[in-house]
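Novice: Provide a 3D model corresponding to the input given below.
(one chain, ligands or ions: 1)
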Amino acid sequence: MIRKLVLLATAVTMIPIHAEAQRSDPRPAYHFAPKRNWMNDPNGLVYFEGEYHLFYQYNPHGDRWGHMSWGHAVSRDLVNWEELPVAIPETADVMAFSGSAVIDWKNSTGLGRGGRPPMIAIYTGHNPKANLQSQYLAYSNDRGRTWAVHGEVLSIGTPDFRDPKVFWHAPTQRWVMVAVMADENKAVLFTSPDLKQWTFASSFGPAGGRGKNWECPDLFEMPVEGGRPGEKRWVLSINLGDNAVGGGSGGQYFVGDFDGRRFTPVEGWGGAPVWTDYGADFYAAVTWNDLPKNDPRRIWIGWANDWRYAEAIPTYPSRGIMTVPRAITLRKGVQGYRLTQNPVREFEALRGAPQAARQIRLGEEPVLLPVTGGTAELKAELAFGGAEQISIALTDAEGYQMIIGVNPTVNEVFLDRSRSGPHFHDGFANRHVAPVDLSRGKVSLRLLVDESIVELFINDGEQTITDRFFRGSGSLRWTASARGAPATMDLTAWPIKQDPMR
Ligand code: FRU
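Specialist: Prediction:
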């Protein structure tokens, strides 16, 4: 009898949990999300002994921002992730804010053991009581599984100094740190022989896009496609907490030169912000350190969210997902130096059997596309004819629609999520536009859809739009149509295999 009562009590307390589960969207199949709780920025991206590490801002105690600690996941292929226990927890006074990780190959810190290089994390200690943000060092000698905090290594005595990205600069044989003085919209650079003693080198900004905060900087060198033979340039990536092109938080970048101490933008850069992504949900992207020697790529991953509504998105029991890792390149074209972004090629291993159709004629009446469900990749080559608008619509059982569209007459590609699901935040229901030269009468779109996110790569990643959408019930129907005059579409669509580890 007593046992029965206990069971009954359990059943009763289960009800609110079940009610929470009602508002959960289908979990993304191939985008990383922790099993439960809150996640924001990617942190400490580093490759070591066959593993890509993805640390991230994580609240182990709830599904809103707070108790910031470093969560941890690893992958051998950048697409299948295994979530591990929290790596660096908050302490009584200090939260572990964003930062980076390096492999200290020469043991410059002296913190390695047994002749193996330590993994070093340099991150912001956020101490609200002392009204201070300063940079901390923690180290691991077991492939990132357990960490010891060495302590604070750099303070300038201010409350908005954060998000250190550290890397080895071979020409000067020094470690370099780029961080932000967030509220002043400045990037600040420091150098060090040993990751412990840091010397101020220079600052950059305000410049380009400005807002309440600059956050999560990165600085890296890239070969220039279409440039002078052998040309290389440095990219300084800076995130804006608000006021970015998608309406809220987002990324911008500057292209220039770096001599080990100072970043100088290329001549002729007009001062206007160059945006990383035209959607609302690509934030705080940073690149992996220490990729294997035989891999020349530069790869980053972003947090698919926007601070305006990040704590309100209707998902449970976890809140926050990452984008797919993207390989980036730097191209010189008519507009100057521009990054391109494409899903890492490893992603293609998740593809199921393709469905292809050529010369699909699109008119006012929507054509059903050979795609089912909420998880797919689609490549569409569109020829506009005289069409004024071409749309691909993902429609759920309740009539909510996520629209991927092209407006040739005004040179725009867009995602429209203004009627994509039930209302949950005033800042969400929007349309996001990328300016694209459509004067040649065609465009190539690559769409990664994963239940509640669309990542759109335009013309081989020349521009991207990343948006989440939180739809109603039922599976998605995929259709395409054209307005004004007929258009044609060549299409390849792949189901994306679910990660079996989830
Ligand atoms: C960016 C950010 C960082 C900070 C972290 C705190 O999203 O605000 O500047 O380190 O999140 O979680």
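Novice: show me which residues of this structure sit near the ligand.
Specialist: Counting by CB under 6 Å from any ligand atom, the chain comes close to the ligand at 40, 41, 57, 68, 97, 98, 124, 162, 163, 215, 216, 284. C-betas here are computed from N, CA, C, even on glycine.
Novice: one more time with 5 Å
Specialist: Within the chain, the positions near the ligand by CB under 5 Å from any ligand atom are 41, 57, 68, 97, 98, 162, 163, 215, 284.
Novice: now do the contacts for the fourth one.
Specialist: What it means is residue 97. Contacts for residue 97 (CB atoms under 8 Å, 6 or more residues apart in numbering) come out as 57, 68, 123, 124, 125, 126, 133, 162, 163.
Novice: need the pLDDT of the residue nearest the centre of the chain.
Specialist: The chain has residue 302 as the residue nearest its centroid, 0.9 Å off, counting by CA atoms, centre = their mean. Listed pLDDT for residue 302 reads 98.
Novice: quick check: it is in a strand.
Specialist: Yes: assignment of residue 302 by DSSP: H, G, I helix; E, B strand; the rest coil places it within a strand.
Novice: how far away is it from the ligand?
Specialist: 11 Å (CB to the nearest ligand atom, to the nearest Å).
Novice: helix or strand: which one has the closest residue in space to that residue that isn't next to it in sequence?
Specialist: Spatially, and ignoring its direct neighbours in sequence, residue 302 is nearest to residue 285 (3.6 Å; CB to CB, 6 or more residues apart in numbering). Residue 285 is part of strand 283-287, with elements assigned from DSSP states H and E.
Novice: that strand: how far from the chain's middle?
Specialist: Taking CA atoms, centre = their mean, to the nearest Å, one finds strand 283-287 lying 5 Å from the centre of the chain it belongs to.
Novice: strand partners (parallel or antiparallel) of that strand?
Specialist: Here strand 283-287 is paired, per DSSP bridges, with strand 298-303 (antiparallel).
Novice: send over the partner strand as PDB, restricted to the C-alpha atoms.
Specialist: Provided in PDB are the C-alpha atoms of strand 298-303 (Å, rounded to 0.1, in the frame of the first residue of the first chain):
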ATOM      1  CA  ARG A 298      39.700  27.100 -41.000                       C
ATOM      2  CA  ILE A 299      36.500  25.900 -39.300                       C
ATOM      3  CA  TRP A 300      34.100  27.700 -37.100                       C
ATOM      4  CA  ILE A 301      30.800  27.000 -35.400                       C
ATOM      5  CA  GLY A 302      28.300  29.500 -34.000                       C
ATOM      6  CA  TRP A 303      25.600  29.600 -31.400                       C
END
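Novice: listing partners with orientation, what would you give for the helix or strand that that strand is followed by?
Specialist: Following strand 298-303 in sequence order, the next helix or strand is strand 318-319 (DSSP H and E). Partner strands and pairing direction for strand 318-319 (DSSP bridges) are strand 37-48 (parallel).
Novice: what's the first helix or strand after the strand it pairs with?
Specialist: Following strand 37-48 in sequence order, the next helix or strand is strand 51-59 (DSSP H and E).
Novice: show me the helices in the stretch 51-200 of the chain, by range?
Specialist: Counting by DSSP state H, counting those that start in this stretch, the stretch 51-200 of the chain has no helices at all.
Novice: low-confidence stretches in it?
Specialist: Of all residues in the stretch 51-200 of the chain, none has pLDDT under 70.
Novice: pick out the residue of the stretch 251-400 of the chain closest to the ligand.
Specialist: Residue of the stretch 251-400 of the chain nearest the ligand, by CB to the nearest ligand atom: residue 284 (4.9 Å).
Novice: got it, and the stretch 201-350 of the chain?
Specialist: Taking CB to the nearest ligand atom, the stretch 201-350 of the chain has residue 215 as its residue nearest the ligand, at 3.7 Å.
Novice: helix, strand, or coil at that residue?
Specialist: strand.
Novice: report the beta-bridge partners for it.
Specialist: residue 239.
Novice: over to the one 4 residues further on?
Specialist: As for beta bridges, residue 219 partners with residue 236 under DSSP bridges.
Novice: how close does it get to residue 80?
Specialist: 30 Å (CB to CB, to the nearest Å).
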